[in-house]
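Enquirer: only geometry, no sequence info:
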């Protein structure tokens, strides 16, 4: 880890400068040598970095939307080249290239944070080794070494020895308890963030490589953080826990306000929107109007959830407009009233006793009909006998089938040819 962190040593000076500036601010409130001053400085560093990464997050969201739009085409490719995995992969890459979609865009925020993460690790390692780094001079170095978060020094690690922890003015038990709790929280927040994306904001009706990638990351990232966390200083754990909580909240906001089409989150969002329109009689908010506008522009290409929303508006006598608003519609009212009248004309459901009585009566009627149609064999009319006159002498005719010789056909015989007589 130290070798990797040294590769990003060029960025340690700006990272240390930002931390020192925030430390001056919080030091005046909580005291310069407290864990609150140094801990909140690291948290503020995370917030500042994540604000700067908002454009990358927006790009990630757009790429995710493009992946959702391409899912029908991707499904067609999967079905067409079901038996040829190599050709299937080639066609998928060709589709990504034509549409400008990057399936790995979900990793962009993490990759962009990596330099700052390793730079902070380099700074905290220098503090643990009592070395000056960046703009942190000896006085700031002594102050940082005295800072503790719930009894654990900022530069302490889970795997540190008891002597090293005692040199930082803490006990090994306190350090390991605090770091273990933070590692668990860090891994759990990462898992929950990815699981929230998979269960609520993904169209599960179509299986694509993108979904497989997200499912894999849901289990791999928490495992990586749990294994690597034992080698992270407490300050780095604070940094990574903060960025995970930020990501979780940011993603929760996006899922609630701009869900993926066809996902469970979209069903919940349009349900809330329909309830709001029912209460106020109009679409309130620019974001909601944009959602209605997109649904109208899709036309017959709407998914089942969007059709359900439009049907719900029709039952209220409203129709969505191209500008994202809703308006009264006579056609929608007529359709809704016609559907209600048809439902009212349907027969009522019978009770169990009535259904049983009707079944008994019907079976009795069937038995009576069947008994009336049956006739005893003794009363059946016998088939008429062959009353053709027999030849004289009581002998049967020579053409009778009973007198036919062996190998001779029954019935009238064809006359032999004159040459064979």
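Expert: Great, that's in hand. Treat the numbers as computed from the prediction; the structure is a model and nothing was measured.

Enquirer: Going by C-alpha atoms from here, please, whenever you check contacts or count neighbours.
Expert: Noted.

Enquirer: mind listing what's buried in stretch 224-243?
Expert: 225-226, 229-243 (16 or more other C-alpha atoms under 10 Å).

Enquirer: Tell me which residues are up against it.
Expert: 39, 42-43, 46-47, 50, 117, 120-121, 124-125, 152-159, 179-180, 182-187, 189 (C-alpha atoms under 8 Å, 6 or more residues apart in numbering).

Enquirer: Which members of these are positioned in strands?
Expert: 152, 153 (DSSP state E).

Enquirer: Show me the contacts of stretch 224-243 that map onto helices.
Expert: Counting by DSSP state H, these place 39, 42-43, 46-47, 50, 117, 120-121, 124-125, 179-180, 182-187, 189 in helices.

Enquirer: that older thread, buried subset of the contacts of stretch 224-243?
Expert: 39, 42-43, 46-47, 50, 117, 120-121, 124-125, 152-159, 179-180, 182-187, 189.

Enquirer: which element is residue 311 on?
Expert: Following DSSP states H and E, the helix or strand that holds residue 311 is helix 304-315.

Enquirer: moving C-terminal of that helix, what's the next helix or strand?
Expert: strand 318-320.

Enquirer: counting contacts, what elements does that following strand pack onto?
Expert: helix 286-298, helix 304-315, strand 326-328, helix 330-345 (3 or more C-alpha pairs under 8 Å, 6 or more residues apart in numbering; DSSP states H and E).

Enquirer: strand partners of it, parallel vs antiparallel please.
Expert: Strand pairing for strand 318-320, using DSSP bridges, gives strand 326-328 (antiparallel).

Enquirer: By neighbour count, which bits of the partner strand are buried? Give me those.
Expert: residue 326.

Enquirer: Show me the contact partners of it.
Expert: In contact with strand 326-328 (C-alpha under 8 Å, 6+ apart) are residues 282, 283, 317, 318, 319, 320, 321.

Enquirer: now the helices: where do they sit in the stretch 51-200 of the chain?
Expert: For the stretch 51-200 of the chain, the helices defined by DSSP state H, counting those that start in this stretch cover 54-80, 85-99, 108-128, 138-146, 162-167, 172-200.

Enquirer: nearest to residue 301, of these?
Expert: Checking the helices of the stretch 51-200 of the chain against residue 301 by C-alpha to C-alpha gives helix 54-80 as the closest, at 11.2 Å.

Enquirer: got a pLDDT number for the nearest residue to residue 49 once chain neighbours are set aside?
Expert: Nearest residue to residue 49, sequence neighbours excluded (C-alpha to C-alpha, 6 or more residues apart in numbering): residue 113, at 7.7 Å. Per-residue pLDDT puts residue 113 at 77.

Enquirer: before we move on, back to that, elements contacting the helix holding residue 311?
Expert: helix 264-280, strand 318-320, helix 330-345.

Enquirer: Next, the angle from that helix to helix 264-280.
Expert: Interaxial angle, helix 304-315 versus helix 264-280 (axes from the mean of the first three to the mean of the last three C-alpha atoms, to 10 degrees): 10 degrees.

Enquirer: residues of helix 304-315 that come out buried?
Expert: So, applying 16+ other C-alpha under 10 Å, buried residues of helix 304-315: 305, 306, 309, 310, 311, 312, 313, 314, 315.

Enquirer: The nearest residue to the first one once chain neighbours are set aside: how many residues sit nearby?
Expert: Using C-alpha to C-alpha, 6+ apart and skipping the chain neighbours, the partner closest in space to residue 305 is residue 267 (5.9 Å). Using other C-alpha atoms under 10 Å, residue 267 is surrounded by 20 other residues.

Enquirer: try residue 101
Expert: Residue 101 has 18 nearby residues by other C-alpha under 10 Å.

Enquirer: roughly how far apart are it and residue 136?
Expert: In this view, residue 101 and residue 136 are 43 Å apart by C-alpha to C-alpha, to the nearest Å.

Enquirer: cool, and residue 196?
Expert: The separation that residue 196 has from residue 136, given C-alpha to C-alpha, amounts to 40 Å.

Enquirer: more crowded one of the two?
Expert: Legend: neighbour count by other C-alpha under 10 Å for residue 196 and residue 136, higher for residue 136 (20 against 17).

Enquirer: which residues touch the more buried one?
Expert: Contacts of residue 136 by C-alpha under 8 Å, 6+ apart are 16, 17, 20.

Enquirer: partners of it in the sheet?
Expert: Under the criterion used (DSSP bridges), residue 136 bridges to residue 133.

Enquirer: Residue 63 versus that one, what's the distance?
Expert: Counting by C-alpha to C-alpha, the gap from residue 136 to residue 63 is 40 Å.

Enquirer: and if you look at residue 133?
Expert: Residue 133 is 39 Å from residue 63, by C-alpha to C-alpha.

Enquirer: Over to residue 196?
Expert: 18 Å.

Enquirer: Could you do residue 141 as well?
Expert: Taken as C-alpha to C-alpha, the span from residue 141 to residue 63 is 43 Å.

Enquirer: Run through the stretch 51-200 of the chain and note the low-pLDDT ranges.
Expert: 64-65, 67-69, 103-107 (pLDDT under 70).

Enquirer: rerun at 90
Expert: Applying pLDDT under 90 to the stretch 51-200 of the chain flags the ranges 51-151, 154-157, 159-171, 189-200.

Enquirer: right, and residue 222 touches residue 190 too?
Expert: Yes: counting by C-alpha atoms under 8 Å, residue 222 does reach residue 190; the two are 5.9 Å apart.

Enquirer: neighbour count winner among those two?
Expert: residue 190 (26 against 21).

Enquirer: that older thread, which of the helices and strands packed on strand 318-320 has the lowest mean pLDDT?
Expert: When I compare the helices and strands packed on strand 318-320, helix 330-345 is least confident, with a mean of 50.

Enquirer: if I look at residue 257, how far off is residue 247?
Expert: With distances taken as C-alpha to C-alpha, residue 257 is found 15 Å from residue 247.

Enquirer: Check residue 98 too.
Expert: For residue 98 relative to residue 247 (C-alpha to C-alpha), the value is 30 Å.

Enquirer: So between those two, which is more surrounded?
Expert: Legend: neighbour count by other C-alpha under 10 Å for residue 98 and residue 247, higher for residue 247 (19 against 9).
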